[in-house]
Each structure stands twice: as C-alpha cells, then as structure tokens.
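# Whatever this is, show me its structure:
(one chain, ligands or ions: 1)
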Amino acid sequence: NYYSSSSSSNQNSPPSPPKLAIIGHLHKLGLYPHRTLYSLAKRYGPLMLLHFGKLPVLVVSSAEGAREIMKTHDRVFASRPQSKLYDILLYGCKDMSTAPYGEYWRQIRSVSVLHLLSVKRVQSLGNLRWEETAILMEKIRHSSSLSLPVNLSELFSKFTNDIICRVSLGRKYSEEKELKELMREFTELLGTFVIGDFVPWLDWLTRMSGVYGRAYRVASQYDNFLEQVLDEHINRRKEIDSNDDDFVDVLLSLQGMIDRTAMKALLLDMFSGGTDTTSTVVEWAMTELLRHPTVMKKLQQETRNVVGDTKYITEENLAHMNYLKAVIKETMRLHPPIPLLIPRESMQDMKLEGYNIACGTRVIVNAWAIARDPAYWDQPEEFIPERFLNSSIDVKGNDFELIPFGAGRRGCPGIVFAMAVNELVLANLLHQFDWRLPSNEGNNYLDMSETVGITMHRKTPLVAIATPRK
Ligand code: HEM
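Okay, here's the model as predicted:
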C-alpha cells in the first residue's frame, strides 16, 4: 500500500488527504492547482495540511484563515520559501519578492515603496501612461479602418511591457527580438516546477531535464543586459541633468543605500511582477465584457456621462467612474492574475485555530477559491459588477474575501501602479470603441480556458472587432 492515511490526528495538525510515500501530495496538484486545491478544501476544510515531498504545506481557503496568516500573524508568515531556480535567476534571491524576511528585504522594500512605487511617483508617470494608451488606441483604430480583427491579448502584453520598460529602463525594447525572447524565457523559467525543491534526492531529474542549465544561461544573458543598461545610465547621467528619471536613474541615485546587485534584482522584479499580471487583468476584463454586452453598454454609458463627446478619457475623469472600478474588481475576483498568490513561509512553531503549524511550513493562500466562496459571495460564479456598487469591499488587502494583491507586509507594492494602468486603458477601450467577437456564433462560445504559469491568463488569444464610436 503506497498510501498513508489521513493525518488529521497527527500532533494535532490540520486535516490532510491520504498521500503517497515519496512525493506526498504533489501528484494531486494537476494542471490547475487553484481548482484542485479548492476541491480538496471542500472536503478537508479551509485549513488543510499537504506534503510536497516531505515539506509541510498549509493550504488556506477561507477569508478568516487568510486574515490569520496575513494580518493577525503576518510577521510569523512573512518569509518566502527558497528555490534553487530562484537562486539562479534572481541573484541568490536578492530581489524583493523572493528575499527571505529580514533586514535586507526590509531595506529594499522600503526604498522601492518610497522611491519607485509610491502614489506620488505613480502620479508623476501620468504622461507616459497617456502616451502609451494613445498609441494602443491608434493601433486599434488602424486595424478597425482595415476591417481587421484585433488580437487584444498580444496588444495588451506589448502595451504593459512597453510601459514597464519605459518606466524602469527609460525606453522601449519591444522591437528587440532577442530581448523579448529572453524575457519570455525568464518568465517561463520562473513558473517552472522543480521537483528537487521538495524531494532533494530527485534533483537529478531537474538537472537531467536541462532546466538549471537554461536558467544559468538566461540569468547570465539578463545580467549582461542589465549591466549594459546601468552603464549607459551612469554615462548619460554625467552628460545631462534630466528631470524625467526612470527607475534606473532613481536606483543609481540611491547608491550607498543599495548595491548594484540589488538594483538589478529589483529591476527584474518590475518585469516579472508587473508585466503579465497587469495585462491579464485587461485581457480578462475585455473577455467578460464581450460575454456580457449589457455590462459593456452600461460601462460605455458611464464614460459618456462623464466626458460626453470628448474623444478621450483622462486620468482626472477616472475618479468619477464607479462602474469602471466595479468592473475591474469583479474581473479580479473571478480571474485573480496570481490565483495562489506568492507562497509564504512560517518562521516559528505556532498554533493556528487550535492546530499546530511547524516552523518552516510553506503557506499557500488560495485567493481564487476565497473569491468564489458562496459563504461570502451571492451567485459567485456570475460576473456581476453591480455587487461592488454599494459595497466598501476593495482589493487593497483589508477585505480578505478579495485579495488578488495579497495583504500585509508582503502584500503587493505595485497595486497603485497596476490600477492606474488598468483603469485608464479599459476606460478608453470602451469609450472609444464598440466591440464584438469576430464570429456570429454568439458570445457564449468564447473560449474561457486558462493557462497557469506564474500568472493565469487566457489559453487562446482574445481576438475581437473594434468599431470607433461616433
Ligand atoms: C494586477 C497586477 C498585479 C497583481 C495582481 C499582483 C499581485 C501580487 C501578489 C499576489 C503578490 C504577493 C502578495 C503577498 O504575498 O501577500 C505580489 C507581490 C509583489 N508584487 Fe505584485 N501584482 C501586480 C502588479 C505589480 C506591479 C505593477 C509591480 C511592480 C511594478 C509588482 C511588484 C510586486 C513585488 C515586488 C512583490 C513582492 C513583495 C514582497 O514580497 O515584499 N506587482 N503581487
């Protein structure tokens, strides 16, 4: 018998499904871990203990549980699990998102929050967002004038990548094919599952597969690129005294507070944390709007009410668009870009709701499951933005039934940045164009399959036809 039985009584651990001898519960994860873990949680409860290899993993699937982890005991659960692949790709986990809890993390986080991602800093990037949004709208107008369908997934991905590149590095790199390929490979590697992290003696399987070799190559190529960017900026800074500093300029001005490796690692965070996440929100929002024409009409009505016949929506206009905000929240409820958030790790033995949780336990919060739990949401599977109109629930990490950005001291520091982009682009897409699917089969035929890497996006690209609004 390869299975050992449920260990709910084991030293008073949380309930646990039967597991296999060596790999524990790893075989249970399947292609869509957020879905399989949700099904398991329905059976074993909102605090469930799994084992990945020998490693204990606490899976949290209720808002109350999430509050315990990310608020009540936030400090205990404020570390991140280490992985050999992250070590290779992220300068020995010198970036913010994978750095273990401690003085180094605290320092780079406070520097970034203050200088790179603050409300003031994000506001100062308004012109840049505006220019890139205008370019995106122009591309759509062009396709529309030729009666061509628009590949929205591709456009959104390029749009957010261009914004992040301009903001962080000072210019776009999307025409540089090699770099684009490098970024794609980097993201793919970050999302790769490595068995050796859980069952060390099976690490040879990963080595054999060539993943580590690829990671070393990608890390070295990326390092060359970032070194070049840093040098270019240092030389340029000597020549001109520019007012529109990009992130690299800001980081260089902080020399002494952070070193060169930290700078490069933080730049990698911007790409891995900021690009795909932001574009998938717009991608899923447009998907849901195409499936719900009445919601789309209502949103278009709102933009009309606010700006009338004026062609563009500006950032000042957004403050008056409550329905737009509700549409974005509802999109993030049903399609959180990182459905299982980024895992945490506990730093001491403790008791949680009567259960013993050992130091070093990995914690997965299933934000996807919580956001569709009928205990908190009416008609949870339906896309109904109206539910947010007379509600104070927000995505900022205070309402634990909706935590697409996580919460607490390790919660996402890019939230203001991401929301500013999402709101502006979605408002303009709807204000400037009418949208329909290319086929005449009706909106219910729109493929809703997901893929999961680091982020959860559409499996097939979203293609739609735009007509400029009169
Ligand atoms: C819609 C867009 C985004 C979503 C859904 C998102 C989601 C998340 C989530 C779930 C976490 C983990 C939170 C936790 O452990 O509690 C996180 C962390 C992080 N995010 Fe975001 N993010 C987004 C955009 C951005 C942007 C635009 C940036 C930067 C430009 C960014 C940078 C980071 C960083 C650096 C961390 C690690 C923080 C730490 O460990 O201290 N994110 N994000």
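
# Pass me the low-pLDDT residue ranges in this protein, would you?
1-10, 238-243, 440-444 (pLDDT under 70).

# Could I get the full set of strands for it?
3-4, 19-20, 47-52, 55-60, 150-151, 344-345, 350-352, 355-357, 362-365, 433-436, 450-452, 456-458, 463-468 (DSSP state E).

# Turn these into TSV, including mean neighbour count.
Every residue, glycine included, has its C-beta placed from N, CA and C. Converted to TSV, the strands of the chain look like this (neighbours: other C-beta atoms under 10 Å):
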stretch	mean neighbour count
strand 3-4	12
strand 19-20	18
strand 47-52	23
strand 55-60	24
strand 150-151	18
strand 344-345	23
strand 350-352	15
strand 355-357	18
strand 362-365	24
strand 433-436	17
strand 450-452	16
strand 456-458	22
strand 463-468	16
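
# Of all those, which one is nearest L29?
Of all the strands of the chain, the one in closest proximity to L29, counting by C-beta to C-beta, is strand 47-52 (8.5 Å).

# How far off centre is that closest one?
24 Å (C-alpha atoms, centre = their mean, to the nearest Å).

# Quick one: work out the angle between it and strand 55-60.
Counting by axes from the mean of the first three to the mean of the last three C-alpha atoms, to 10 degrees, strand 47-52 lies at 150 degrees to strand 55-60.

# then strand 47-52 to PDB, C-alphas only?
Output in PDB follows, covering the C-alpha atoms of strand 47-52 (Å, rounded to 0.1, in the frame of the first residue of the first chain):
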ATOM      1  CA  LEU A  47      -7.000  24.900   6.800                       C
ATOM      2  CA  MET A  48      -5.600  21.800   5.100                       C
ATOM      3  CA  LEU A  49      -2.100  20.300   5.500                       C
ATOM      4  CA  LEU A  50      -0.400  18.800   2.500                       C
ATOM      5  CA  HIS A  51       3.100  17.500   2.000                       C
ATOM      6  CA  PHE A  52       5.100  18.300  -1.100                       C
END
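
# what's the closest of the strands of the chain to the ligand?
Nearest to the ligand among the strands of the chain is strand 344-345 (6.1 Å), distances taken as C-beta to the nearest ligand atom.

# List of residues touching the closest one?
69, 77-81, 100, 360-363, 365, 410 (C-beta atoms under 8 Å, 6 or more residues apart in numbering).

# same deal with stretch 250-257?
With C-beta under 8 Å, 6+ apart, stretch 250-257 has contacts from 107, 111, 115-116, 230, 233-234, 237, 245, 258, 263, 266-267.

# Now do the helices in the stretch 201-350 of the chain.
Using DSSP state H, counting those that start in this stretch, the helices of the stretch 201-350 of the chain run over 203-209, 211-239, 247-253, 260-291, 293-307, 315-318, 322-334.

# circling back: from the contacts of strand 344-345, which single one is nearest S39?
Closest to S39, out of all of these and judged by C-beta to C-beta, is V365, at 16.6 Å.

# That closest one reaches A63, doesn't it?
No. Under the criterion of C-beta atoms under 8 Å, V365 is not in contact with A63, lying 10.0 Å apart.

# who's in contact with V111?
254, 257-258.

# Just the buried residues of the residues you listed.
Neighbour counting with 16 or more other C-beta atoms under 10 Å marks 254, 258 as buried within the contacts of V111.

# How about the spatially most central residue of the chain, nearest residue that isn't a chain neighbour?
Per C-alpha atoms, centre = their mean, the C-alpha nearest to the average position across the chain is that of T277, at 3.6 Å. Counting by C-beta to C-beta, 6 or more residues apart in numbering, T277 lies nearest to P337, which is 4.2 Å off, once chain neighbours are set aside.

# Based on its surroundings, how many neighbours for the one you found?
22 (other C-beta atoms under 10 Å).

# With L116 instead?
Residues contacting L116 under the criterion other C-beta under 10 Å number 23.

# which residues touch the closest residue to it other than its chain neighbours?
The spatial neighbour of L116 that comes closest, neighbours along the chain excluded (C-beta to C-beta, 6+ apart), is F247 at 5.5 Å. By C-beta under 8 Å, 6+ apart, the contact list for F247 reads 116, 167-169, 266-267, 270.

# Cool, thanks, talk later.
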